[in-house]
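**Student:** curious how this folds, go ahead:
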Amino acid sequence: MDVTVRLFASLREHAGAGTLALRLGDGATVADAIAELRSGALAGLPVAAPFVTAVAREYVTPDHPLVEGDELALVPPVSGGAGEVRLAEVTGESLDPEALRRLVADPSTGATVVFCGTTREVPTLEYEAYLEMAQEKIRQLAEAVVAEHGLAAVAVSHRTGTVALMEPSVVVAASAAHRGEAFAGARALLDAVKSQAPIWKQEHPEDGPPEWVAGTLPHV
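**Tutor:** Numbering: from 1, shown residues only. Reported below is the predicted structural model:
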């Protein structure tokens, strides 16, 4: 399949072009595209060179699948880029905490906190969400926490569907100049998501019927 790659600022200068055509095999992911670029137009780019990726103008993680005609953008640190929400998603796919950690990595920061909320005590949890509203609400909450705690970047991913014992149902990653801000910001964002995003969970015990977990009404 053919995809278009967009490069900006230092990455564009390194490659000598802002737009590249890339041919990949069927089923290729963002990570596959980056590997191909590193053996070609971005050969010699330092392994730790910071950038995030976007497909169809939405930030994505490296395991994001590509399809014919996609536009893949590699986005280096934004000038004045403190305070970015780099991912706010609700997904039915398995969560990758390490991918979110990399997503908020920034050379201006000295601390990164990653929180994983996992299923405990029951074989599975079933998550349901008002998807469109949940994603928008999580982004709004993330933007507010970034501003309040002076974070460099945050990323949040929440599961829907069936989540088995010990698997993550929510991952929050936050980076900041110092650990105090990173810890406080990550906790504040998690608490806000749990209390305000329209997401519900149902426990599936080994014995007995499924049961919805009691919660609180969001603030209006």
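
**Student:** what's across from residue 202 in the sheet?
**Tutor:** Beta-bridge pairing of residue 202, defined through DSSP bridges, involves residue 126, residue 212.

**Student:** give me the neighbour count for it.
**Tutor:** 16 (other C-beta atoms under 10 Å). (Glycine included, C-beta is placed from N, CA and C.)

**Student:** now do the contacts for it.
**Tutor:** Taking C-beta atoms under 8 Å, 6 or more residues apart in numbering, we find residue 202 in contact with 125-128, 210-213.

**Student:** is the most centrally placed residue in the chain in a helix, a strand, or coil?
**Tutor:** Using C-alpha atoms, centre = their mean, the residue of the chain that lies closest to the mean C-alpha position is residue 87, 3.9 Å off. Following DSSP: H, G, I helix; E, B strand; the rest coil, residue 87 is assigned to strand.

**Student:** now it: how far from residue 165?
**Tutor:** Computed with C-beta to C-beta, to the nearest Å, the distance linking residue 87 and residue 165 is 25 Å.

**Student:** also residue 99?
**Tutor:** In this structure, residue 99 and residue 165 are separated by 22 Å, where distance is defined by C-beta to C-beta.

**Student:** okay, those two: which has more neighbours?
**Tutor:** Shown here are residue 99 and residue 165; by other C-beta under 10 Å, residue 99 has more neighbours (20 against 12).

**Student:** helix or strand for the more buried one, which one?
**Tutor:** helix 97-104 (DSSP states H and E).
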